[in-house]
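Asker: Fold the following.
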Amino acid sequence: MPRFFKRLFKFPQMDFETAVWEMTHLMIAPKKVFKSIYYQKRTQHDIDKMERMGTDTPTEMRNSWHRPDPAFTYLLSFFLLLTSLAWSLAYTPRLSSILKLSFMFIFIHFLLGSLVVSTLFYLLVGRLLGPGVAGLPGRRRTQGLFGPSTSSTDALEFGYCFDVSIRAFFPPYVLLYIVQYILMPAIDHSNKASMFVANTLYLVAGCYWSLITFLGFNSLTFLQHTRLLLGPVPVMGVVWLGCTVGGVNLERWGVSWLFWGVDISK
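Answerer: Numbering: from 1, shown residues only. You can find the predicted model right below:
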């Protein structure tokens, strides 16, 4: 993570083109995103180039899955700013509410939420899914999602957990901040059709989050039983069924939670 913060204001060094490519493929082919990260580490193209030039290669570049490029974070923060403006102009066109909603979207929902989730991943995933964990059957994996291990260091990096968490945030952002905004006139009702569409939207967003989280950690060869990270999916399916059959529109609850603290008059 230190190199991530060092590059926060070095905009010419940021790869926004790759960030856009990742965002697109997180929606249509998320496996390719982590396959790209895997091959970036495996080939170490930049490291080889530095060595040919006679430049010393930092240790963290040799043995790190983390991509210390803030481009993805900046780009998604900018999209969240635009989204907050759209919601504000539609439902609460007051300057104070616009500023507060922008702050909530970017700094609370995205940045703080991603930091909390990545911290939990860092503290729990390595301990619960690492090699030799008591109570979990099975041998140590010899390869990850895309091939054999490229490093002898079996350490889960906080920076990589942050990479996974911000990428897992993107599909729910598209579905719950953009698509839901567009569909609000149709789904903000108590009829069965509106309820089905709204609840399905939340189900798909949750499944996307779990899938991308699984793909991110399954690419690390030293983690075991990463399929457990898909455990929330059937739980979300049960919740979706119960809410849909029981007449609970998740949109009503979800919007209140997403925009907690901001007065939105639907």
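Asker: wait, what's in contact with residue 106?
Answerer: Neighbouring residues of residue 106 by CB atoms under 8 Å, 6 or more residues apart in numbering: 77, 80, 81, 84. (Each C-beta comes from the backbone N, C-alpha and C, glycine too.)
Asker: again, 7 Å this time
Answerer: Neighbour list for residue 106: 77, 80, 81 [criterion: CB atoms under 7 Å, 6 or more residues apart in numbering].
Asker: And for residue 209?
Answerer: 168, 171, 172.
Asker: cool, and residue 183?
Answerer: With CB under 7 Å, 6+ apart, residue 183 has these contacts: residue 197.
Asker: host element of it?
Answerer: For residue 183, the host element (DSSP states H and E) is helix 180-187.
Asker: Most neighbours among the contacts of residue 209, which one?
Answerer: residue 168 (24 neighbours; other CB atoms under 10 Å).
Asker: What about residue 262, how many residues nearby?
Answerer: By other CB under 10 Å, the residues close to residue 262 number 22.
Asker: Break down the stretch 151-266 of the chain into its helices, ranges please.
Answerer: 158-172, 180-187, 192-218, 232-246, 250-258 (DSSP state H, counting those that start in this stretch).
Asker: which helices and strands sit right next to the first one?
Answerer: The helices and strands touching helix 158-172, judged by 3 or more CB pairs under 7 Å, 6 or more residues apart in numbering; DSSP states H and E, are helix 16-28, helix 71-91, helix 113-129, helix 192-218.
Asker: Local confidence estimate at residue 156?
Answerer: Looking at residue 156, its pLDDT reads 85.
Asker: which residue packs closest to it, ignoring adjacent ones?
Answerer: Once flanking residues are discounted, residue 156 sits nearest to residue 126: 3.8 Å by CB to CB, 6 or more residues apart in numbering.
Asker: related to what we said a few turns ago, pick the one among the contacts of residue 209 closest to residue 15.
Answerer: residue 168 (19.9 Å; CB to CB).
Asker: which residues touch the residue nearest to the closest one when sequence neighbours are not counted?
Answerer: Closest residue in space to residue 168, ignoring its immediate chain neighbours: residue 212 at 4.3 Å, by CB to CB, 6+ apart. By CB under 7 Å, 6+ apart, the contact set of residue 212 is 26, 30, 167, 168, 171.
Asker: just to revisit the earlier point, correct me if wrong: the residue nearest to residue 156 contacts residue 158.
Answerer: No: using CB atoms under 7 Å, residue 126 makes no contact with residue 158, being 10.1 Å away.
Asker: quick one: which of those two has more around it?
Answerer: The neighbour comparison of residue 126 against residue 158 (other CB under 10 Å) goes to residue 126, with 20 against 15.
Asker: how close does the more buried one get to residue 155?
Answerer: The gap separating residue 126 from residue 155 is 8 Å, by CB to CB, to the nearest Å.
Asker: what does residue 114 give?
Answerer: 21 Å.
Asker: cool, and residue 212?
Answerer: Following CB to CB, the distance that separates residue 212 from residue 155 is 22 Å.
Asker: so the helix holding residue 183 versus helix 250-258, what angle?
Answerer: 140 degrees (axes from the mean of the first three to the mean of the last three CA atoms, to 10 degrees).
Asker: Distance from helix 180-187 to the middle of the chain?
Answerer: When distances are taken as CA atoms, centre = their mean, to the nearest Å, helix 180-187 is centred 23 Å away from the chain's centroid.
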